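structure for this input, please:
(one chain, ligands or ions: 1)
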Amino acid sequence: MCGIVGAIGERNITDVLIEGLRRLEYRGYDSAGLAVVHGGAIERERQPGKVQALADATHASGVSGQIGIAHTRWATHGAPTQDNAHPHQSGDIAVVHNGIIENYEALREQLQAEGYVFTSQTDTEVVPHLIQSELKKGGDFMAAVRRAVAQLHGAFALGIVRATEPQRLLAVRQGSPLVVGLGIGENFISSDQLALLPVTNRFIYLEEGDFIELKRDQVTIWDASGAVIARPSVELDATVHASSKGTYKHYMLKEIYEQPAAIQRTLAGRVSNGQVAIDAFGPQAAELLSKAKHVQILACGTSYHAGYVAKYWFEAIAGVSCHVEVASEFRYRTTVLPADTLLVTISQSGETADTLAALREVKSRALGSLCICNVPTSTLVRESDLAFITHAGPEIGVASTKAFTTQLVALMLLVLATGRRQGNLTAERERDIVAQLAGLPTLCDEVLAMDQAIERIAAEFGDKHHTLFLGRGAQYPVAMEGALKLKEISYIHAEAYPAGELKHGPLALVDQDMPVVAVAPKNDLIDKLKSNLQEVRARAGVLYVFADHAADVRAEPGIKVFSMPSVADEVAPILYTIPLQLLSYHVAVIKGTDVDQPRNLAKSVTVE
Ligand code: F6R
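Purely as a prediction, here's the structure:
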């Protein structure tokens with residue numbers, strides 16, 4: 001999704017801007033641009049496609065300056081062309097924008113009537129014209145920006161420079177992420193601190209409604225009420241956040257292989273003597289978990305699938321009723337929350353617009369809100385009553401992998417803590433499941449050793465157009481996650497069904513050209529699942545089954561079986577996710593897609 005970088009210093013800052021954009025590439029984008037102030041004028045470079053194209057054009061044209069803004073654009077209004085790429089300009093003003101201006105059509109008509117000429121189809125272009133229009137009415141640059149922003153509806157972050165005021169860069173955070181990076185004699189803004197790690201490890205996390213003035217040696221912040229406010233700065237251990245592909249061909253593969261270590265980090269310090277440390281969820285967690293009579297989980301995409309697995313766990317293990325819903329639906333419908341509902345949001349980034357909006361919408365009606373998140377400095381963490389950080393480490397591949405399995409581990413800890421506080425879980429069962437969680441890293445290693453066998457069969461999916469993923473019980477959301485992974489990185493249509501639903505419709509699709517993938521650990525439903533697989537086989541469907549020895553699924557022509565290690569039923573969804581990640585990865589590599597940055601997708605979905 002769109003990314004912003006801005007810098008002011010004494011040196012030429014174009015390299016800082018471009019390196020910052022490179023570090024935002026993982027978020028997904030389709031064009032890039034920058035604007036610097038040089039000799040009293042705005043100089044701009046914008047290119048469709050990769051940041052490298054922008055870097056080449058910038059170096060060829062020799063654009064340079066000591067203050068500038070830059071942007072990666074993920075197209076919403078208008079195609080990914082040069083004209084639509086940011087920064088957008090109006091006279092001496094240039095603007096980069098992340099988010100959506102919802103009332104841009106009305107503003108555009110108003111500004112056109114005032115004589116402003118538009119050169120793009122974007123919603124963003126109204127912003128520089130509006131600031132320009134306000135400047136003509138008098139007052140200084142910041143006052144004009146304030147008056148302009150007051151007319152904008154929607155969620156956004158802005159970076160703004162003015163050719164005639166090269167000593168200051170202005171910025172606004174109103175619903176989209178933005179951080180300030182503090183340097184020595186230079187300062188920065190970005191939508192993600194990762195972009196600024198080469199230049200600083202000191203950050204100020206902004207609040208909604210903040211206006212920021214960045215000078216070389218001074219940062220001033222005004223809060224939503226207009227008062228100057230001192231926000232604390234935080235020093236990060238940069239090595240923790242450093243991320244490179246190492247010897248792996250793609251970030252996604254690296255992140256799949258990081259899962260044993262990531263799971264260990266999620267557990268570290270959160271369990272001891274066979275018990276979950278309830279305080280790991282925050283000081284008021286014990287009280288909240290005792291009082292909760294219902295759990296409502298809200299999330300999007302892969303994080304929603306994690307929540308879906310947890311729904312099975314909450315009811316079966318903690319004895320507490322649980323609903324799960326995609327945040328984009330929940331936020332816009334009239335909802336009735338049962339009394340004493342604990343709200344649980346799940347998000348890798350903590351910046352997903354729909355999840356944040358759903359939290360804000362419902363928070364006041366809930367008993368309390370708890371988020372499970374990978375980014376401790378994110379908005380979701382700051383706006384939730386309680387937060388549990390998964391410690392998966394930076395996830396760069398757009399397709400979520402280690403974030404998902406660590407979310408599942410975190411959710412199981414929450415389920416155990418809830419079960420204990422509700423009096424529905426014996427100490428023995430808790431100890432048992434904690435031991436299963438502790439054993440997961442070793443089992444994950446065993447599954448990762450299946451990589452080559454999975455790679456070999458991936459070729460059989462390369463020319464297929466549709467795939468079906470089947471699971472039952474808590475393995476159904478695992479099948480959903482497997483289908484999502486395959487479609488997002490290999491562009492093969494994939495659907496997941498609870499296997500019992502097959503005969504109610506999807507069986508009509510099954511033939512020899514539609515591979516059917518099933519997750520089939522030995523559990524109470526295995527015999528039912530095996531009957532469903534026979535229904536597929538009877539229609540010439542080719543089956544790829546991930547099953548443990550005890551499940552006793554026999555390989556035969558048309559049924560390929562991948563032998564999974566035995567694992568306790570409770571934590572099996574975590575383990576069975578991994579072969580499906582590997583399968584999608586290898587199919588995508590065979591298809592030659594952009595594995596880490598699949599087309600049309602963004603890592604951090606900061607617009608609705
Ligand atoms: C899929 C994927 C997305 C995200 C979704 C929510 O691989 O990564 O479906 O899970 O956009 O993102 P977060 O978890 O950051 O809220």
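
tell me who's in contact with the residue in the stretch 251-400 of the chain that the ligand sits nearest to.
Residue nearest to the ligand within the stretch 251-400 of the chain (C-beta to the nearest ligand atom): residue 301, separated by 1.9 Å. Bear in mind the C-beta positions are built from the backbone N, C-alpha and C, glycine included. Taking C-beta atoms under 8 Å, 6 or more residues apart in numbering, we find residue 301 in contact with 400, 484, 605.

quick one: the second one from the ligand, how far?
Applying C-beta to the nearest ligand atom, to the nearest Å, the value for residue 484 to the ligand is 6 Å.

with the last one instead?
Here residue 605 is placed at a distance of 5 Å from the ligand (C-beta to the nearest ligand atom).

contacts only, for that residue.
Residue 605 makes contact with 1, 300, 301, 349, 352, 353, 354 under the criterion C-beta under 8 Å, 6+ apart.

also the first one?
The contact partners of residue 400, taken as C-beta under 8 Å, 6+ apart, are 301, 302, 303, 348.

give me the subset of these lying in helices.
301, 302, 303 (DSSP state H).

near the ligand, which residues of the stretch 201-350 of the chain?
300, 301, 302, 303, 347, 348, 349 (C-beta under 6 Å from any ligand atom).

right, and the first one touches residue 353 too?
No. Taking contacts as C-beta atoms under 8 Å, residue 300 lies outside contact range of residue 353: 9.0 Å.

picking up where we left off before, quick one: which of the contacts of residue 301 is nearest residue 145?
When those are ranked by distance to residue 145 (C-beta to C-beta), residue 605 comes first, at 26.6 Å.

which strand or helix spans that closest one?
Residue 605 is part of no helix or strand when elements are defined by DSSP states H and E.

could I get the phi/psi values of it?
Main-chain torsions, residue 605, degrees, to the nearest 10: phi -90, psi 90.

filter the residues of the stretch 201-350 of the chain next to the ligand to the buried ones?
Among these, those classed as buried by 16 or more other C-beta atoms under 10 Å are 300, 301, 302, 303, 347, 348, 349.

spell out which parts of this protein neighbour the ligand.
With C-beta under 6 Å from any ligand atom as the criterion, the chain meets the ligand at residues 300-303, 347-349, 352, 355, 399-400, 484, 488, 605.

you'd agree residue 245 is in a strand?
No. Assessed by DSSP: H, G, I helix; E, B strand; the rest coil, residue 245 does not belong to a strand; its assignment is coil.

picking up where we left off before, any idea which of the residues of the chain next to the ligand is least confident?
Note: of these, the lowest pLDDT belongs to residue 605, at 79.

how close does that one sit to residue 353?
Counting by C-beta to C-beta, to the nearest Å, the gap from residue 605 to residue 353 is 6 Å.

did I read that right, residue 488 in a helix?
Yes. Residue state for residue 488 (three-state DSSP) corresponds to a helix.

isn't it right next to residue 399, touching?
Yes. Using C-beta under 8 Å, residue 488 is in contact with residue 399, at 5.5 Å.

what do these two both touch?
Listed as contacting both residue 488 and residue 399 by C-beta under 8 Å, 6+ apart are residue 598.

these two: who's more crowded?
Neighbour totals were compared for residue 488 and residue 399, and residue 399 leads with 29 against 21 (other C-beta atoms under 10 Å).

which SS class is the more buried one?
Following three-state DSSP, residue 399 is assigned to coil.

my read is that it contacts residue 250, right?
No. Judged on C-beta under 8 Å, residue 399 makes no contact with residue 250 at a distance of 9.7 Å.

for the protein, give me the ranges with low pLDDT.
Applying pLDDT under 70 to the chain picks out residues 237-243.

contact partners for residue 335?
residue 362.

do you have the strands of the stretch 51-200 of the chain handy? List them.
67-73, 88-90, 93-101, 154-162, 169-174, 179-182, 187-190 (DSSP state E, counting those that start in this stretch).
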